[in-house]
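1. sharing a sequence plus its predicted fold:
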Amino acid sequence: MELLNRIAAINAADITPRIPTTGEPICERVDPATLYVDHHYQRQIGDRGRKQIRKVIQNFCWTKFKPPICAYADHEGQTILKVLDGQHTAIAAASNPHIDLIPIMIVDAPDTQSQASAFVGQNTQRLGVTALQLHHSAVLAGHDEAVDVDRTCQRAGVKVLKSLPKTGKYQPGDTIAISAIRGLVSRREPLGARVILEVLANAHLAPITANHIRAAEYIMTDSEMSIKLDPEELSKTIGDLYLSAEDEAKLMAKTLRTSEWKALGSIWYRKTKKKRQVMRLVA
């Protein structure tokens, strides 16, 4: 095995290479304190982020430096540079008295939508960026899947938070279970997902969890259970039982060796007042 190889092209004959739609990035050196961050699609720096920044300041090394990705934008009649990726690096550099200028890469993304899209592209595979943050950025960028999820939640009365609440207290209808909702919309289409989410929102759950979503989907799409359920009665039962049902579901799941969400759905179904004959709630 060769320990030193030239970069060589791979065989890509079976795919169609994309023609770049923008110009190539340019490299500039700037004062990091002159850069901006747009919180329409980027989160505020929290305690964890501040700890990370302090660590970078303390151990600053150019060999570990990754230039922030930026884009020109207009703000109140002035041209500014927004950081699309690398705000922690930029803040650390601005906080280090030994650093005057840093190299940055400037890409062609003049408006908020294209900047948000670039942010999603830069961070999709990065673990430090939450699914919530990527979702809201994708909505702002106009990505179809994210927009469908966002509209479905709004119409159902469900609020997808941008981050965990600082106080740890959720309001009825709040959720951070964006992956579960995305899966629900994919499986049931927006209309079917909306019906399920409305039941949970009307139960005033705080927050609506992934287990709640899977449990509701389970009983509302089952061919036998769904025809006996009324959405209002189901919402009432879910709201009345709330945590007691979840505790019972944990025990049932262990006893029956099944998933908690399936056990939870079974409990909701068993304790909900049935209708003699109703249409199936979700196809």
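-> Cool, the structure landed.
2. what are the ranges of the helices in the chain?
-> Assigned by DSSP state H, the chain shows helices spanning 47-58, 87-95, 112-123, 131-141, 144-156, 178-202, 210-221, 231-241, 243-256, 260-271.
3. out of those helices, which gets nearest to Cys70?
-> Closest approach to Cys70 among the helices of the chain (Cβ to Cβ): helix 87-95, 8.6 Å. Heads up, the C-betas are built off the backbone N, CA and C, glycines and all.
4. the closest one relative to helix 47-58, how many degrees between them?
-> 50 degrees (axes from the mean of the first three to the mean of the last three Cα atoms, to 10 degrees).
5. re the thing from before, Pro20: which of the helices of the chain is closest?
-> Among those, if distance is taken as Cβ to Cβ, the winner is helix 112-123, at 12.9 Å.
6. single out the most deeply packed of the helices of the chain.
-> Among the helices of the chain, helix 210-221 has the highest mean neighbour count (mean count of other Cβ atoms under 10 Å), at a mean of 23.
7. that one - contacts with which helices or strands?
-> The contact analysis (3 or more Cβ pairs under 8 Å, 6 or more residues apart in numbering; DSSP states H and E) places helix 210-221 against helix 178-202, helix 231-241, helix 243-256, helix 260-271.
8. would you list those helices in a markdown table and tack on mean pLDDT and distance to Leu161?
-> Below are those laid out as a markdown table (pLDDT from 0 to 100; distance: least, Cβ to Cβ, whole Å):
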| stretch | mean pLDDT | distance to Leu161 |
| --- | --- | --- |
| helix 178-202 | 94 | 9 |
| helix 231-241 | 94 | 20 |
| helix 243-256 | 90 | 20 |
| helix 260-271 | 94 | 21 |
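9. Gly77 is nearest to which of the helices of the chain?
-> Checking these against Gly77 by Cβ to Cβ gives helix 112-123 as the closest, at 16.6 Å.
10. give me the mean pLDDT for that closest one.
-> For helix 112-123, mean pLDDT rounds to 55.
11. how near is Phe65 to Asn59?
-> From Phe65 across to Asn59, the span is 11 Å (Cβ to Cβ, to the nearest Å).
12. between those two, which one's more packed in?
-> Phe65 (16 against 9; other Cβ atoms under 10 Å).
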